[in-house]
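Q: sequence unavailable; structure follows:
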Ligand code: ARG
């Protein structure tokens, strides 16, 4: 699925303001740099090209390159982004740097009037692998109002958006509990979703594979699918069984320092192709 991603080096990465339940311990910056480079090399070894954006001092979460925008392609307007409206002020400051990067790389900017609402990019907005539709989490970071405004804009481009109400604060972003494995199969932690969200997921995928809450909190639902591999911070017999059924093999990358900020592999990149 992934051919090209955008990442941001963790030069200024830190845990300061507590934005989610994982953020309690200090990070080791040297280890974080090492782990980030290892993830980058693992992606490259899996045939994924990695582009980078320059990190900015004091923007301690800028390394989580999945959140500042939604990246899309439409026959009508070509490649585009929808800039995020981040819930936390410090993270709101990351957005213009990402917008500049995409503008300089030929993307058009679909700006929504999101005042008073939040929309956190690919933390909560995930393409169906065939890019026919978009799955949209809300409840902790993105708001229903933000997702509703996003849906209206995407409808004009021909992309249906399915809102999914998130109910477990350890799964505060959709990408912590929902991982498409192929056009037909998705990996989820079911306890993270309200009943109507689960129904929508079951109606939209041929195979819905479930991981446990412990697996989700261990970021095993935050993996990256790349050329037959599933890049994950750890694995269990259950995860390996699921991946085996879908013809994927697990590749482990240690992301301990980023997990102390509430993120792992999927959060640390945006798919740009
Ligand atoms: N500390 C960051 C935050 O709370 C982590 C973001 C993780 N990103 C993600 N896509 N889940 O905003």
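A: Perfect, I can see it now. The model shown is predicted, which means the values in this text are computed figures rather than measured ones.
Q: just give the nearest non-adjacent residue to the residue of the chain positioned farthest from its centre, would you?
A: Relative to the mean C-alpha coordinate of the chain, counting by C-alpha atoms, centre = their mean, the farthest residue is residue 76 (25.1 Å). Nearest residue to residue 76 in three dimensions, chain neighbours excluded: residue 157, at 5.9 Å (C-beta to C-beta, 6 or more residues apart in numbering). For glycine as for every other residue, the C-beta is placed from the backbone atoms N, C-alpha and C.
Q: got the residues of this protein near the ligand?
A: Neighbours of the ligand within the chain, by C-beta under 6 Å from any ligand atom: 19-20, 61, 64, 66-67, 91, 123, 173, 175-176, 261-263, 267.
Q: so what's the residue nearest to residue 76 scoring on pLDDT?
A: Per-residue pLDDT puts residue 157 at 97.
Q: try residue 115
A: 87.
Q: please give me every residue in contact with it.
A: residue 85 (C-beta atoms under 8 Å, 6 or more residues apart in numbering).
Q: sec struct for it, please.
A: coil (DSSP: H, G, I helix; E, B strand; the rest coil).
Q: return the set of buried residues in stretch 70-77.
A: In terms of neighbour count (16 or more other C-beta atoms under 10 Å), stretch 70-77 has its buried residues at 70-72, 74.
Q: next, the distance between the ends of stretch 14-24.
A: Terminal residues of stretch 14-24 are spaced 11 Å apart (C-alpha to C-alpha, to the nearest Å).
Q: pLDDT (mean, whole number) over it?
A: On average, stretch 14-24 scores 96.
Q: for stretch 54-61, same thing?
A: 98.
Q: now do the end-to-end distance for that stretch.
A: End-to-end for stretch 54-61, by C-alpha to C-alpha: 13 Å.
Q: that one: how far from the chain's middle?
A: Relative to its parent chain, stretch 54-61 has a centroid offset of 19 Å by C-alpha atoms, centre = their mean, to the nearest Å.
Q: go on, stretch 187-197?
A: 17 Å.
Q: and the furthest pair within the residues of the chain next to the ligand?
A: Greatest spatial distance among the residues of the chain next to the ligand (C-beta to C-beta): 91 and 176, at 16.4 Å.
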